[in-house]
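1. Give me a 3D structure for the following:
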Amino acid sequence: MLIRNATLSGSPHTDVRWRGGRIVECGTGLRPLPGEDDLDARGGWLLPGLHDHHLHLRALAAQTGSVPVGPPHVRDAAAFAAALSRADAELPAGQWIRGVGYHDSVAGPLDRTALDRLVPDRPVRIQHRSGALWVLNSHGCRETGAHGCALPGVERDRRSPLQRYRGHRADAPSVLRFM
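-> Numbering: from 1, shown residues only. Next up, the predicted model:
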């Protein structure tokens, strides 16, 4: 197979020929051999070595509009608060703050009330760097309807009269997880 006009490692207009599961030729201006499948990538990215059954393209695209809230960009509680404050000041009213890459080494385990103290007037979602935990502030819980969610993986603090969310189970199936 010949893949023409691909972007490979940042280099546009690259042609790649592969045979028997291996790349056998790379360059520009390669011509299809008789009987060879020919695909024009039209400048799209070619990811060599990618053999996983899936790729989180939407997450990668969303990351460009997200706020980095973990190492190496953010290393402590003050920098975390400053990153959220900057996003709060820059984004249009009502738009979500989507923080990515959080690690507990930055400001400890997060919960809804900690995020409420930092950003009370817009929805906030912080994603742990593992991708397995999302922490929402109260505004975010209201916007998503999380308060009424009964899916596995969502825990409530039964001691609270409002039964507020407090965490997630590590053994929960892959669902949206709120804290």
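2. Look up the residues forming beta bridges with the residue lying closest to L110 once chain neighbours are set aside.
-> Closest residue in space to L110, ignoring its immediate chain neighbours: V135 at 4.4 Å, by C-beta to C-beta, 6 or more residues apart in numbering. Placement of C-beta: from N, CA and C, glycine included. Counting by DSSP bridges, V135 is bridged to I126.
3. right, and V135 touches R112 too?
-> Yes - under the criterion of C-beta atoms under 8 Å, V135 lies in contact with R112, with a separation of 7.1 Å.
4. who's more crowded, those two?
-> Between V135 and R112, V135 has the larger neighbour count (other C-beta atoms under 10 Å), namely 24 against 21.
5. Pull the contacting residues for the more buried one.
-> Residues near V135 by C-beta atoms under 8 Å, 6 or more residues apart in numbering: Y102, L110, D111, R112, L115, R125, I126, H128, F178, M179.
6. With R142 instead?
-> Applying C-beta under 8 Å, 6+ apart, the residues near R142 are P123.
7. mind redoing it with 10 Å?
-> P123, L136 (C-beta atoms under 10 Å, 6 or more residues apart in numbering).
8. Over to G94?
-> Counting by C-beta under 10 Å, 6+ apart, G94 has contacts D121, R122, P123, H139, E143.
9. buried set for the lengthiest strand in the chain?
-> The longest strand of the chain (DSSP state E) is strand 11-19. Going by neighbour count (16 or more other C-beta atoms under 10 Å), the buried part of strand 11-19 is T14, D15, V16, R17.
10. From W45, how far out is the residue lying closest to P71 once chain neighbours are set aside?
-> Counting by C-beta to C-beta, 6+ apart, H103 is the residue found nearest to P71 once chain neighbours are left out, at 6.0 Å. Distance from H103 to W45, counting by C-beta to C-beta, to the nearest Å: 28 Å.
11. what about stretch 128-135, how long is it end to end?
-> Stretch 128-135 stretches 8 Å from its first residue to its last (C-alpha to C-alpha, to the nearest Å).
12. before we move on, the earlier item: can you list the strands that the helix or strand just after the longest strand of the chain pairs with?
-> Next along the chain after strand 11-19, taking DSSP states H and E as the criterion, comes strand 22-27. Partners of strand 22-27 in the sheet, by DSSP bridges, are strand 11-19 (antiparallel).
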